[in-house]
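Novice: Sequence and predicted structure are below.
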Amino acid sequence: MYQIRTDLALETQEKMQEDKVELKGVRFSEEHVSKNLTISTVVIETENGAKAMEKPKGTYITIEASNMDEEDEDYHREISEQLARVLKQLISVKKEDVSVLIVGLGNRAVTPDALGPRVVDNLYITRHIINEYGKYAFGKEHVNRVSSIVPGVMAQTGMESMEIVNGIVKETKPDVVIAIDALAARNTKRLNRTIQVTDTGINPGSGVGNHRHGLNEKSIGVPVIAIGVPTVVDAATIVNDTMFNLITAMNQSSELKTLGNTLGELNETEKYELIRELLSPNLNTMFVTPKDIDESVKRLSFTISEGLNIALIDHNIFA
């Protein structure tokens, strides 16, 4: 069966609700922060819940902002502040001075995949200054040690991102790792308008189906917080959305209503099979991104980096 894939736990939960699947061991809550800003939380508590959701146990917090792709500094500042609040909620390390390694996953040369590296470009890095001059160089009693790395992709380095990060973790011994990566969405309306934060880590390359070794606490020995933004959808999503709109339009036409009813009677399996036949063999590996992705990634990278800077530098959220 051809699966329409998504990296967002929120979308998986929604799909389960649509299919009327009873999810045991999964909790869901929603908070409307403002008119155009919603924070949803999916907590997978049991192994059965993880199996049903096809995602690791843990907490998945999704910040949805319908105007995230617009140029509004005050609005993006609000998103950054909410991201800082979410990070405080997920990071379990409770120390006055915390060592944080931030990993910008992705390929800088491919715009939809450049989010991680561009976030790192805008971070306020402190570890080298503290090592050289001490924390009092900042005029504060407590300062978090922030370091960063952009490991590139396997085609550039010949190494898994996990291997590179694991070596750095063993050498620098951070208390927590925060990884940023691009994701894939099921709903085109969520492209560049959604930030998912989770305490389960991440699989580099998962956004386009290139599953590499996971970057998580089990693989590198320290807690891993993952921040992701969907920047692409696969072709199957476009076809599925188009089919739904086509059936709706047909049902409103007297001439095409019979055909619309026939297509509407297809179950999910039959629809997936039809989509697979339509996509094969040339389109089933195609991913689509908006035409203004360069501006969107630039804007989002500033928003996420500001959230990280607020959390790690402006306020000591861990103490």
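Specialist: Yep, that arrived.
Novice: where do the strands sit along the protein?
Specialist: Using DSSP state E, the strands of the chain run over 26-34, 37-44, 58-65, 99-104, 145-149, 176-184, 194-198, 224-234, 287-288.
Novice: Quick one: list the elements packing against the fifth one.
Specialist: Applying 3 or more CB pairs under 8 Å, 6 or more residues apart in numbering; DSSP states H and E, one finds that strand 145-149 contacts strand 99-104, helix 127-133, helix 161-172. C-beta coordinates here come from the backbone N, C-alpha and C atoms, glycine included.
Novice: Can I get it as CSV, trimmed to CA atoms?
Specialist: What follows is strand 145-149 as a C-alpha-only set of coordinates in CSV (Å, rounded to 0.1, in the frame of the first residue of the first chain):
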residue,chain,number,x,y,z
ARG,A,145,27.7,27.1,27.1
VAL,A,146,26.3,27.1,23.5
SER,A,147,28.3,25.4,20.7
SER,A,148,27.1,24.4,17.2
ILE,A,149,28.0,22.2,14.3
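Novice: can you start the count at 41 instead of 1 from here on
Specialist: Sure thing, new numbering starts at 41, so read that last one as strand 185-189.
Novice: how many degrees apart are that strand and helix 201-212 in direction?
Specialist: 150 degrees (axes from the mean of the first three to the mean of the last three CA atoms, to 10 degrees).
Novice: neighbouring strands for strand 185-189, and are they parallel or not?
Specialist: In the sheet, strand 185-189 lines up against strand 139-144 (parallel) (DSSP bridges).
Novice: Which residues outside stretch 68-83 are in contact with it?
Specialist: The contact list for stretch 68-83 (CB atoms under 8 Å, 6 or more residues apart in numbering) reads 49-50, 53, 66-67, 93, 98-107, 115, 118-119, 122, 126.
Novice: Counting neighbours, what do you get for Asn162?
Specialist: Other residues within reach of Asn162, judged by other CB atoms under 10 Å, total 15.
Novice: which ones are touching it?
Specialist: So Asn162 contacts 341-342, 345-346, 349 (CB under 8 Å, 6+ apart).
Novice: Could you check how far it is from Thr302?
Specialist: As judged by CB to CB, to the nearest Å, Asn162 and Thr302 stand 52 Å apart.
Novice: Where does pLDDT dip in the stretch 191-340 of the chain?
Specialist: 244-252, 300, 307-309, 311-313, 316, 320-325 (pLDDT under 70).
Novice: Which parts of it are helices?
Specialist: Taking DSSP state H, counting those that start in this stretch, the helices of the stretch 191-340 of the chain run over residues 194-197, 201-212, 257-260, 275-291, 297-304, 308-319, 333-349.
Novice: Deepest-packed of the ones you listed, please.
Specialist: Highest mean neighbour count of these: helix 333-349, a mean of 21 (counted as mean count of other CB atoms under 10 Å).
Novice: That one - contacts with which helices or strands?
Specialist: Packing contacts for helix 333-349, counted by 3+ CB pairs under 8 Å, 6+ apart, involve helix 113-130, helix 155-161, strand 264-274.
Novice: got CSV for these, with distance to Thr240 too?
Specialist: Below are the helices and strands packed on helix 333-349 laid out as CSV (distance: least, CB to CB, whole Å):
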stretch, distance to Thr240
helix 113-130, 10
helix 155-161, 17
strand 264-274, 7
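Novice: any chance of the ones you listed in JSON lines, plus mean neighbour count?
Specialist: JSON lines is the format used below for these (neighbours: other CB atoms under 10 Å):
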{"stretch": "helix 113-130", "mean neighbour count": "18"}
{"stretch": "helix 155-161", "mean neighbour count": "24"}
{"stretch": "strand 264-274", "mean neighbour count": "26"}
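Novice: where's Asp114 relative to Leu77, distance?
Specialist: Taking CB to CB, one finds Asp114 at 12 Å from Leu77.
Novice: Check Leu130 too.
Specialist: 18 Å.
Novice: Then Pro330?
Specialist: From Pro330 over to Leu77 (counting by CB to CB), the distance is 21 Å.
Novice: coming back round to it: and the contacts of stretch 68-83, which are buried?
Specialist: The neighbour count (16 or more other CB atoms under 10 Å) marks 49-50, 53, 66, 93, 98-105, 115, 118-119, 122, 126 as buried among those.
Novice: Tyr100 and Ala49 touch, don't they?
Specialist: Yes. Using CB atoms under 8 Å, Tyr100 is in contact with Ala49, at 3.6 Å.
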